[in-house]
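1. What shape does this take:
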Amino acid sequence: MIHHELGQWPLVISVSSGLQTLEAMQAFTEDWNRWLDRGEPFASLRVFADADALVHPEGGAQGAKQWLQARGADIRRHMMGMASVVPAEQYEKIRKMNVEKLFGVPASTFADADDALVWLGERVMAPRGLPFDLAAVRAAIRSACATCAAAAAS
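-> The predicted structure is shown next:
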């Protein structure tokens with residue numbers, strides 16, 4: 001399950017939990033296509049609620065690679081930065097991936113959401129003079145996490 005919270009635009013908060021289907025992954029890239037097609041700069045905070053959320057479905061990696069090739073220029077043009085939060089037990093494995101090089105934008109991986117928020121505030125939002133309401137962003141993360149948990153329980 002992936003839930004997006006757009007109430008803090010230009011920060012898109014995406015929370016993923018559980019194993020993803022190929023259809024969910026395709027829906028995720030369609031969401032990204034809509035944001036990129038706005039032609040506005042935005043930042044991304046991706047929260048992976050559990051280790052399963054990090055697993056690509058069969059065939060997903062190839063589709064993601066093709067999408068990145070097709071939309072790479074738009075990502076570099078419109079993405080201000082990307083922070084990913086992963087479960088602490090997955091951090092050492094995931095942090096070795098060079099997300100910044102992969103996407104061509106400022107990016108970093110964290111084991112703690114607060115560390116990710118500090119990085120986003122200092123590295124992405126503040127240099128552009130953009131407002132960054134930490135309390136509102138934390139509330140949006142909690143809401144997105146609750147939505148994912150409720151969907152997983154049903």
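
2. and stretch 51-62, which residues are buried?
-> Within stretch 51-62, the residues that qualify as buried are 53-54, 60, counting by 16 or more other Cβ atoms under 10 Å. For every residue, glycine as well, the C-beta is placed using N, CA and C.

3. now do the same end-to-end measure for it.
-> Using Cα to Cα, to the nearest Å, one end of stretch 51-62 lies 20 Å from the other.

4. so where do the strands sit in the protein?
-> 2-8, 11-16, 42-48, 79-85, 107-110 (DSSP state E).

5. Could you dump the ones you listed into TSV and include mean pLDDT, mean neighbour count and distance to residue 92?
-> Output for the strands of the chain, formatted as TSV (pLDDT from 0 to 100; neighbours: other Cβ atoms under 10 Å; distance: least, Cβ to Cβ, whole Å):
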stretch	mean pLDDT	mean neighbour count	distance to residue 92
strand 2-8	92	18	24
strand 11-16	95	23	19
strand 42-48	96	23	14
strand 79-85	95	22	14
strand 107-110	94	21	10
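
6. Which of the buried residues of stretch 51-62 fall within helices?
-> Per DSSP state H, helices hold the following members of the buried residues of stretch 51-62: residue 60.

7. who touches the lowest-mean-pLDDT helix or strand in the chain?
-> The helix or strand of the chain with the poorest confidence is helix 99-103; it has a mean of 75 (mean pLDDT, DSSP states H and E). The contact list for helix 99-103 (Cβ atoms under 8 Å, 6 or more residues apart in numbering) reads 68, 72, 75-76, 79, 82, 84, 106-109.

8. let's see it at 7 Å
-> In this structure, residues lying in contact with helix 99-103 by Cβ atoms under 7 Å, 6 or more residues apart in numbering are 75, 79, 82, 84, 106-107, 109.

9. What would it look like as PDB? C-alpha coordinates only.
-> Taking Å, rounded to 0.1, in the frame of the first residue of the first chain, the C-alpha atoms of helix 99-103 are listed here in PDB:
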ATOM      1  CA  VAL A  99      19.900   7.700  -4.800                       C
ATOM      2  CA  GLU A 100      21.400  11.200  -5.500                       C
ATOM      3  CA  LYS A 101      23.300   9.700  -8.500                       C
ATOM      4  CA  LEU A 102      20.300   7.600  -9.600                       C
ATOM      5  CA  PHE A 103      17.900  10.500  -9.700                       C
END
